[in-house]
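> Attaching a predicted model along with its sequence, questions to come.
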Amino acid sequence: MGRMALDDMMVWAGEDDMDSVLSWHLFSNHFPPLPEGTLALAKEVIAAFREGEPDRKIDISSIGAHRRHGTSVPARVCAEAWHLDAFIVEEEEGA
């Protein structure tokens, strides 16, 4: 249900409202909800993909550490963990 709801929200949200959709996804579409600081980090991850740098290191020290990568995590790892594929595909299609 979570992915279907996300897809529906993305269809109806305008470009100006993507922050709201991303926020809903991170904090309501995950259980348990991700830490509050994840929103800014998720935007960095999406930007890294948009700029063709999926291996760019993202400093996640503000929300914790990754079991394998510590506090410097490749954007692709964050994208997978936070299920950002819908946002990344959207960015790639719009490019």
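Received, thanks.

> quick one: low-confidence parts of this protein?
Low-confidence regions of the chain, defined by pLDDT under 70, span residues 1-16, 89-95.

> In contact with the residue nearest to residue 57 when sequence neighbours are not counted, which residues are there?
Counting by CB to CB, 6 or more residues apart in numbering, residue 72 is the residue found nearest to residue 57 once chain neighbours are left out, at 4.5 Å. (C-beta placed from N, C-alpha, C; glycine too.) The contact partners of residue 72, taken as CB atoms under 8 Å, 6 or more residues apart in numbering, are 57, 58, 59, 60.

> Save these as TSV, and put in distance to residue 31, neighbour count and secondary structure too.
Output for these, formatted as TSV (distance: CB to CB, whole Å; neighbours: other CB atoms under 10 Å; DSSP: H, G, I helix; E, B strand; the rest coil):
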residue	distance to residue 31	neighbour count	secondary structure
57	27	15	strand
58	23	22	strand
59	25	12	strand
60	20	23	coil
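
> Sort out which residues of the longest helix seen in the chain are buried, please.
The single longest helix within the chain, with elements called by DSSP state H, is helix 38-50. For helix 38-50, the neighbour count (16 or more other CB atoms under 10 Å) marks 38, 41, 42, 45, 46, 48, 49 as buried.

> As a check, name the ranges of all strands in the protein.
Along the chain, counting by DSSP state E, strands occupy 57-59, 72-74.
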